[in-house]
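> For reference, the sequence and a predicted model appear below.
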Amino acid sequence: MSDNDALLIPRLREKALTIRRHIIRMTTKAGSGHPTSSLSAVEVVVALYFGGLLRYRAQEPSWPQRDRFILSKGHAAPLLYAVLAEAGYFPVEQLDTLRQIGSPLEGHPNMRRLPGVEASTGSLGQGLSIGLGHALACRLDGYDSRVYVLLGDGEVNEGQVWEAVMAAVKYRVDNLVAIVDHNGYQQTGPTREVLDLDPLPPKFAAFGWHAEEIDGHDWSAVLRALRSASQRTGQPSVIVARTIKGYPIHQLLAEQNYHGKALTPADAEKALALLSGGS
Amino acid sequence: MKLGKSTREAFGLALAELGARYDDIVVLDADVHNSTRTEYFAQRFPQRFINVGIAESNLVSVASGLAASGKRPWLASFACFVMCNAFDQLRMSVAFPALDVKVVGSHAGISIGEDGPSQMGIEDVALACVLPNFTVVVPADEASTRQAVWALAELRGPAYLRVGRPNVPVVYESEVPLRLGRANCLRDGRDLTIIANGLMVAAALEAAEELARLGVSVRVLDMHTVKPLDHEAVARAARETGRIVVAEEHLKHGGLGSAVAQSVAEQCPVPMRFVALNDTYAESGTPQDLLRKYELTAADIVRAARSLLQT
């Protein structure tokens, strides 16, 4: 760990705690949403937005030379909204309107309604292709912008993901970084039982991607992998982030049988107390 | 009528012209550029041409990303493959965010001939029309296809352009400007209106001649834009001629006929007939044999008109 990271990581940890609180509060208030799928990817997304990796201007969301972050696993919208609010794209108070009629914070991200949302997602499998399009456009414009796409591990069941994987190699799109939030669960059960794609990195590597697997809750590992991917030339990169669904309150969630559901107000209180105690 | 180029050829040539005029036009292909004729653009502007391989889903979503970053992508494949294989991508990546992606479906209709039903786009217009935010254009011939390409280039938003494989009769001797959403009246008449698009426009004109010989005065509208439909022209046709025949090289349900019928029902109900592919897939054969067997000729329009005149 560098000296800078010794200062940075505590700040990121604090930010992650704030984001997790938002996720639990807003989904419980909405009475639905996907808190567990949002919680698993917090470190990766917080590192991107607050760890000096993503270049963006919250006051100028369409700044042409910005880096792009695309949430391909659109059901983790509460995570994206919490991060965008903390980054200054819109007021934090707006998080309370999640999933309410008239609110731009829809169940899945809608790029036409909320600043900072780069793609309308929610039909799994399309985000990597959209990211590839952004990456190619930036290259045509001569910008060194980078495009980061967060996918779910269930999402990589979709054939379109692999269509994008192949095309990105053909065009040597090295400003594209895929991150797979490998939390091990998809809608009806463990990924290992539904459609086992482990080990993922060699599959990406076989197509010509630079691939590595990391502990997605280890700040040093997350920062190192993202920095390395953002510097790579000649090929696209994938980071398979091994994560825990519902982290770090997964035990509580498992006991109460929360799978893709919002917490009850009482359990949300317990979860928030747990968060404040540890992490 | 004199035979001109195919509408796919006219599209390919116009797209290359467009590329020379605008440097933000990017063209995407799913490995059929020699069929769709995007090859002309590819030869002149290789840096702005992307062949993603035989992968229509990726084709559409990559175009979406390019559009979201400010490019003006045009993608082309066979009508059946791009509309049917990539429909969810058209829905989520293009229609829902209303991005400026131009989708071109070639080899539309049954007039592709010998390659048979697996290659025939006969559901494409219905699928395109059902997508919110989409403009849908089906030009009749070479000159109007070129006009359609330039008109669509001025439009900021998603659109579907349908083109065909065979050489088709020349409907427009000179370049008549094509205004999106505004039908072209090719012939005026009092007794009946034939509303057609694509290669059925030439058949409609031929049918109108035949009907004139029988003493029937026929109006012919080239309804190149199926969406947004020219409701005013439809209402005038219903009010002023009292009978409407719709002719299209597409399945009867969901295409131009359905759109016109909806408009007529809302504005001025009159008796109608529909010359279209009747809830069936076709087969291999020469284009002419297929159009005859599946009742998409001038003679079929005349028959529909005569039955309508008896009502």
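Happy to help now that I have it.

> Once you drop chain neighbours, what's closest to the residue in chain A that chain B sits nearest to?
Nearest residue of chain A to chain B: residue A:133, at 2.1 Å (Cβ to the nearest Cβ). In this view, the C-beta of every residue, glycine as well, is placed from N, C-alpha and C. Closest residue to residue A:133 apart from its sequence neighbours, by Cβ to Cβ, 6 or more residues apart in numbering or on different chains: residue B:65 at 2.1 Å.

> now do residue B:33
The nearest residue in space to residue B:33 (Cβ to Cβ, 6+ apart) is residue B:39, at 4.4 Å.

> Tell me which other helices or strands the helix or strand encompassing the residue of chain A closest to chain B touches.
Element membership for residue A:133, per DSSP states H and E: helix A:127-140. Where contact means 3 or more Cβ pairs under 8 Å, 6 or more residues apart in numbering or on different chains; DSSP states H and E, helix A:127-140 is packed against strand A:68-71, strand A:147-152, helix A:159-170, strand A:176-182, strand B:25-29, helix B:56-68.

> Surely the residue of chain A closest to chain B touches residue B:67?
Yes: taking Cβ atoms under 8 Å as the definition, residue A:133 is a contact partner of residue B:67 at 7.5 Å.

> which bits of chain B sit near chain A?
Residues of chain B lying near chain A by Cβ under 8 Å from any Cβ of the partner chain: B:26, B:47-48, B:50, B:52-53, B:55, B:57-58, B:60-71, B:73, B:88-89, B:91-93, B:96-98.

> thinking again about what came up before, which residues does the residue nearest to residue A:133 contact?
Applying Cβ atoms under 8 Å, 6 or more residues apart in numbering or on different chains to residue B:65 gives the contacts A:119, A:129, A:130, A:131, A:132, A:133, A:134, A:135, A:136, A:137.

> Tell me which two in these are the farthest apart.
Between any two of the contacts of residue B:65, the greatest separation by Cβ to Cβ is 14.5 Å, found for A:119 and A:136.

> more crowded one of the two?
Remark: of residue A:119 and residue A:136, residue A:119 carries more neighbours, 30 against 27, as counted by other Cβ atoms under 10 Å in any protein chain shown.

> shouldn't the more buried one be in contact with residue A:112?
No: if you go by Cβ under 8 Å, residue A:119 and residue A:112 don't touch, sitting 10.7 Å apart.

> what is in contact with those two at once?
Jointly contacting residue A:119 and residue A:112 under the rule Cβ under 8 Å, 6+ apart are residue B:97.

> hang on, the earlier thing: can you list the contacts of residue B:65 in CSV and add pLDDT?
Shown next, in CSV, are the contacts of residue B:65 (pLDDT from 0 to 100):
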residue, pLDDT
A:119, 98
A:129, 98
A:130, 98
A:131, 98
A:132, 98
A:133, 98
A:134, 98
A:135, 98
A:136, 98
A:137, 98
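
> got the residues you listed as CSV, with distance to residue B:210 columns?
Listed next are these as CSV, based on distance: Cβ to Cβ, whole Å:
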residue, distance to residue B:210
A:119, 53
A:129, 50
A:130, 51
A:131, 56
A:132, 53
A:133, 50
A:134, 55
A:135, 57
A:136, 52
A:137, 52
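
> follow-up on the earlier one: name the residues contacting each of residue A:133 and residue B:67.
residue B:73.

> between the two, which one's more packed in?
residue A:133 (32 against 27).

> Please report the distance of the residue nearest to residue B:33 from chain A.
For residue B:39, the distance to chain A (Cβ to the nearest Cβ, to the nearest Å) stands at 18 Å.

> got it, and residue B:168?
For residue B:168, the distance to chain A - Cβ to the nearest Cβ - is 33 Å.

> Select the longest helix from chain A.
helix A:3-30 (DSSP state H).

> Give me the distance from that helix to the chain's centre.
Chain-centre distance of helix A:3-30: 14 Å, with Cα atoms, centre = their mean, to the nearest Å.

> any idea of the mean pLDDT in it?
What helix A:3-30 shows for mean pLDDT is 96.

> in chain B, which ranges drop under the pLDDT threshold?
When residues are selected by pLDDT under 70, none of them lie in chain B.

> so what's residue A:10 up against?
With Cβ under 8 Å, 6+ apart, residue A:10 has no contacts at all.

> and chain A, which of its residues are near chain B?
So chain A meets chain B at A:64, A:68, A:110-112, A:118-123, A:125-126, A:129-138, A:140-141, A:159-160, A:163-164, A:166-167, A:170-171 (Cβ under 8 Å from any Cβ).
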